[in-house]
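Engineer: Have a look; sequence and predicted model below, questions after that.
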Amino acid sequence: MTPTRRDMLKISLAGAGTLILPGRGLLPAAAQSPDEPHFFLMIVLNGGADCSYMFDARPLSMTKAGKIQNYLKQEPAPFSGRNGTGTLATSLVKPLLPFRDRFSILNGVYMTPSFDGHLQNMNFLFTGNAFGGDSFIPHLNLPDTGREPQSLDGVLSSDPVVVTVNNHSGVVPLMPRAVAGLANSLKQTPPLAGGELTEFIRGRMTANASGPGRLSAAAALMQAGLDKSPRVHQQLAKLTPPSNRDSPEQQTLALITQCFRLSISRSAIYSPSEFFDVHATEQAKTQPKMFASAIGKIVTLLKGLVEAPFDNRRSMMDVTTVMVASEFGRTMRSDGAVDDTGTNHNQFSNSILLGGKGIRSGLVIGGSDLRDEVEEPSAAHLQLDPMQEKTMGLPFDFATLSTRPDMPAAFDIKDYLTIGSVVNTIYALFGVPKEHYRVLRRELPTAQVLNGLLS
Amino acid sequence: MLLTSSHMLDTPTVETRIQGRQVGLGKGFFRSAGVAAVITLVISTVSITQSKAQNAQFKGWAAISRELSTRLAAPGASLDLQKFVPADDLDELLGTWNRFGDEHTLQNGSPNSVSMVIWRVALSGFAKSVAGSCGQPRLTFHERFLTTLRKLCRWPAADAKAEAVLQEFWFSVMGYNAPQSEYAAWREFFLASYTSRPAAETIDAMTLAITMNPYFLLHR
């Protein structure tokens, strides 16, 4: 059933009053205590998901005017955050509404301004550099955060996300299907014991780890992995294989919750199988079906986190920060009429969902331009997108977490909400040292933390 | 007016699906490629983070199996090493090739604690099979390697400790991947620490020490 505008408004207004509750306003909040358990789940929508099919929709009048494809063919409904910021949402997000007080929506988020390739923007999402670098995921597990590091920085419980990173060696692919064999085998094999032989093997790794080259870097990782392996061996042997009767997402959830509870991993990365790179018309027409499927999987994970206990006081959701992101959004159209077109890549406006532990939820933050068929783009927009095929993030007020009404004459990254700010906000939440914070650009300062998003 | 590639490359969208992934090269791609000239100017504007030198990757279980078969198996045969991997699919965690469009990347090749657990378990199984082959060979080794192994099986006898025997065993398993210093360290360790231990224990340890060496497991 398609939610009506009235339905959406009722749900939206229900949470508005909570803004005046302590810790629920837009004032900066205290950092999370390092003594508290804290995990991170990143759900990656692979291929560049079109934000207009979720929480940054456009009215059908724009489609009628030939501006944007809409293969859902339904009028989106107004959707307001408890901070009063509105957007339009499609009926596809209805399964997420029971969790709307568990996450906030960030619209109009800039990825890399200079490149629009999948790999470059996936790199940018994870590392802040279009060509790769250090992923932010392992930083959440640094001892400098004040927390004892988990054995692994993260587990990747789905097909690998294509990204070039230096420091993902602690992010370990661990598919639910591999757990049964792994755990059984490790139960039957004693963990690596100390002794002369182990010391000799370790010593060769140490001896070869001291140089500047690639082999030395890998030898150092081998040594670090070897040192951790007895503990990891014992932890992995305790894993209970997920049931084959469960859906892949339920199996993923079962694996992730065990990895968190058993102190195996700080983070988990999951990517649904849907691939949103819909350049061709026929592919674009499948978007409603793909989004419905992917959202269903996200809901399964969120529901599972809410229902699964972490301990006798807290649910898994209480101890986990959740992020849903794609490498970029999509253009409004490509060639041809809007009822017969695919879409290309749009790195100037992405939507991100952020929720769970430490996140002030229920907010709508930021927004994108070209909200209807008559809105004129700014000169800054035309500078980057003269064809007007892309929506772009609106100028952003970091103090109020809302969009600004001005129309910049030239593009200046400092005016906008960027993925750098999103990652730095997660860094602030986990207590990652500021030396790791992302800068807006080589000669510019670090991207601003969204303090109002922290609870 | 700057003529962008989108003007020149007015081609239909090309879609390919490779190994479950799609790579779209639509007009938007080419249009953005048209700003390639601009990219060189703005490349310095890409956000940066501190980065370290990339590390070498594991060769992967398939490559290691192939190398060992080439060095140790009888002509025309290959060693059945898959049985040493603790469970199905786990060899993917030791380094496996992935294809994304035109890019081929080795996934899971960075050493980590889980891959070290799996390597250690798998290679321990192989080492035990080598050590257990002093009588009836457990794998289809070629005759030259078996000859060397039989000499080594006389450990701790002095003739098993001969330089020629140790070198032959080292090069049979390691190949010529490692510098001389690695052999020297290995030889010194076993002559000192395993001087009077039984052959089976020694050969097991010798084999594991070679196969867990960075020069054996890593691409150079």
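Structural biologist: Perfect, I can see it now.

Engineer: OK, contacts around the residue nearest the centre of chain B?
Structural biologist: Nearest residue to the geometric centre of chain B (Cα atoms, centre = their mean): B:Lys59, 2.3 Å. Shown in contact with B:Lys59 (Cβ atoms under 8 Å, 6 or more residues apart in numbering or on different chains): B:Glu67, B:Gly95, B:Gly109, B:Leu217, B:Leu218, B:His219. In short, each C-beta sits where N, CA and C put it, glycine included.

Engineer: ok, residue 174 - contacts?
Structural biologist: Because you didn't say which chain, this covers chain A. Counted by Cβ under 8 Å, 6+ apart, A:Leu174 has contacts A:Val155, A:Leu156, A:Ser157, A:Leu255, A:Cys259, B:Leu93, B:Val114.

Engineer: Please refer instead to chain B.
Structural biologist: B:Glu182, B:Tyr183, B:Ile210, B:Asn213, B:Tyr215, B:Phe216.

Engineer: switch to 10 Å and redo it
Structural biologist: In this structure, B:Met174 makes contact with B:Glu67, B:Arg71, B:Glu182, B:Tyr183, B:Trp186, B:Ile210, B:Thr211, B:Asn213, B:Tyr215, B:Phe216, judged by Cβ atoms under 10 Å, 6 or more residues apart in numbering or on different chains.

Engineer: related to what we said a few turns ago, mind putting the contacts of B:Lys59 into TSV with neighbour count, distance to A:Gly366 and pLDDT?
Structural biologist: Compiled in TSV, the contacts of B:Lys59 are given as follows (neighbours: other Cβ atoms under 10 Å in any protein chain shown; distance: Cβ to Cβ, whole Å; pLDDT from 0 to 100):
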residue	neighbour count	distance to A:Gly366	pLDDT
B:Glu67	16	53	95
B:Gly95	24	40	84
B:Gly109	22	38	86
B:Leu217	26	47	97
B:Leu218	24	45	96
B:His219	15	44	90
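
Engineer: Surely B:Phe145 is in a strand?
Structural biologist: No. Applying DSSP: H, G, I helix; E, B strand; the rest coil, one finds B:Phe145 to be helix, outside a strand.

Engineer: That one: neighbour count?
Structural biologist: For B:Phe145, the count of nearby residues is 21 (other Cβ atoms under 10 Å in any protein chain shown).

Engineer: Surely it and B:Ser172 touch.
Structural biologist: Yes. If you go by Cβ atoms under 10 Å, B:Phe145 and B:Ser172 touch, sitting 5.1 Å apart.

Engineer: hey, what's in contact with both of those two?
Structural biologist: Jointly contacting B:Phe145 and B:Ser172 under the rule Cβ under 10 Å, 6+ apart are B:Arg71, B:Leu72, B:Val130.

Engineer: and the first one, what helix or strand is that in?
Structural biologist: This points to B:Arg71. Assigned by DSSP states H and E, B:Arg71 falls within helix B:61-72.

Engineer: re earlier: could you check the pLDDT of the residue nearest to the centre of chain B?
Structural biologist: For B:Lys59, the model assigns a pLDDT of 94.

Engineer: next one: phi and psi at it?
Structural biologist: With angles defined as degrees, to the nearest 10, B:Lys59 sits at phi -70, psi -30.

Engineer: re earlier: of the shared contacts of B:Phe145 and B:Ser172 - the most surrounded one?
Structural biologist: Neighbour max across the shared contacts of B:Phe145 and B:Ser172 (other Cβ under 10 Å) = B:Val130, 28 neighbours.

Engineer: Quick check: that residue vs chain A, distance?
Structural biologist: For B:Val130, the distance to chain A (Cβ to the nearest Cβ, to the nearest Å) stands at 15 Å.

Engineer: which residue packs closest to that residue, ignoring adjacent ones?
Structural biologist: Closest residue to B:Val130 apart from its sequence neighbours, by Cβ to Cβ, 6 or more residues apart in numbering or on different chains: B:Thr207 at 4.6 Å.

Engineer: give me every residue that touches A:Ala218.
Structural biologist: A:Ala218 makes contact with A:169, A:205, A:208-209, B:54-58, B:109-111, B:214, B:217-220, according to Cβ under 10 Å, 6+ apart.

Engineer: Pull out the buried positions in the host helix or strand of it.
Structural biologist: Secondary structure from DSSP H and E places A:Ala218 in helix A:214-237. Using 16 or more other Cβ atoms under 10 Å in any protein chain shown as the test for burial, helix A:214-237 gives A:214-226, A:228-230, A:232-237.

Engineer: Okay, A:Leu353 and chain B: tell me how far apart.
Structural biologist: Going from A:Leu353 to chain B by Cβ to the nearest Cβ gives 22 Å.

Engineer: Could you tell me whether that residue really is in a strand?
Structural biologist: Yes. Counting by three-state DSSP, A:Leu353 is part of a strand.

Engineer: Let me know the secondary structure of the closest residue to it other than its chain neighbours.
Structural biologist: Once flanking residues are discounted, A:Leu353 sits nearest to A:Val324: 4.0 Å by Cβ to Cβ, 6+ apart. Here A:Val324 is strand, with the state taken from three-state DSSP.

Engineer: Quickly list what A:Val324 is bridged to.
Structural biologist: Counting by DSSP bridges, A:Val324 is bridged to A:Ile43, A:Leu353.

Engineer: Give me the distance between it and chain B.
Structural biologist: 20 Å.

Engineer: Near that residue, how many other residues are there?
Structural biologist: For A:Val324, using other Cβ under 10 Å, the count is 26.

Engineer: OK, contacts around it?
Structural biologist: A:Val324 neighbours (Cβ under 10 Å, 6+ apart): A:41-45, A:49, A:54, A:96, A:103, A:105, A:270, A:272, A:294-295, A:298, A:301-302, A:351-355.

Engineer: A:His168 too?
Structural biologist: A:126-127, A:134-135, A:137-138, A:153-154, A:156, A:160-161, A:269, B:108, B:110, B:112.

Engineer: picking up where we left off before, any idea how far the residue nearest to B:Val130 lies from B:Trp186?
Structural biologist: B:Thr207 sits 11 Å away from B:Trp186, going by Cβ to Cβ, to the nearest Å.

Engineer: among the contacts of A:Ala218, which ones are buried?
Structural biologist: For those, buried by 16+ other Cβ under 10 Å: A:169, A:205, A:208-209, B:54-58, B:109-111, B:214, B:217-218.

Engineer: so A:Ala294 makes contact with A:Ile43?
Structural biologist: Yes. With contact defined as Cβ under 10 Å, A:Ala294 counts as touching A:Ile43 (8.9 Å).

Engineer: where does residue 121 land on pLDDT?
Structural biologist: Defaulting to chain A. 94.

Engineer: try chain B instead
Structural biologist: 93.

Engineer: and it, which of the three is it?
Structural biologist: B:Val121 ends up helix, using three-state DSSP.

Engineer: Please verify my assumption that it contacts A:Thr189.
Structural biologist: Yes. B:Val121 is within contact range of A:Thr189, at 5.2 Å (criterion: Cβ under 10 Å).

Engineer: anything in contact with each of these two?
Structural biologist: In contact with both B:Val121 and A:Thr189: A:His233, B:Pro86, using Cβ under 10 Å, 6+ apart.

Engineer: Which one of those two is surrounded by more residues?
Structural biologist: B:Val121 (24 against 16).

Engineer: where exactly do the helices run in chain B?
Structural biologist: B:5-8, B:27-33, B:36-42, B:61-72, B:113-131, B:143-152, B:163-174, B:180-193, B:199-211, B:214-217 (DSSP state H).

Engineer: So is the fourth one next to chain A?
Structural biologist: No. Contact of helix B:61-72 with chain A is not found when judged by Cβ under 10 Å from any Cβ of the partner chain; the minimum separation is 13.5 Å.

Engineer: What about A:Pro76? Give its phi and psi, please.
Structural biologist: Torsion angles, degrees, to the nearest 10, at A:Pro76: phi -70, psi 160.

Engineer: try A:Val364
Structural biologist: phi -110, psi 120.
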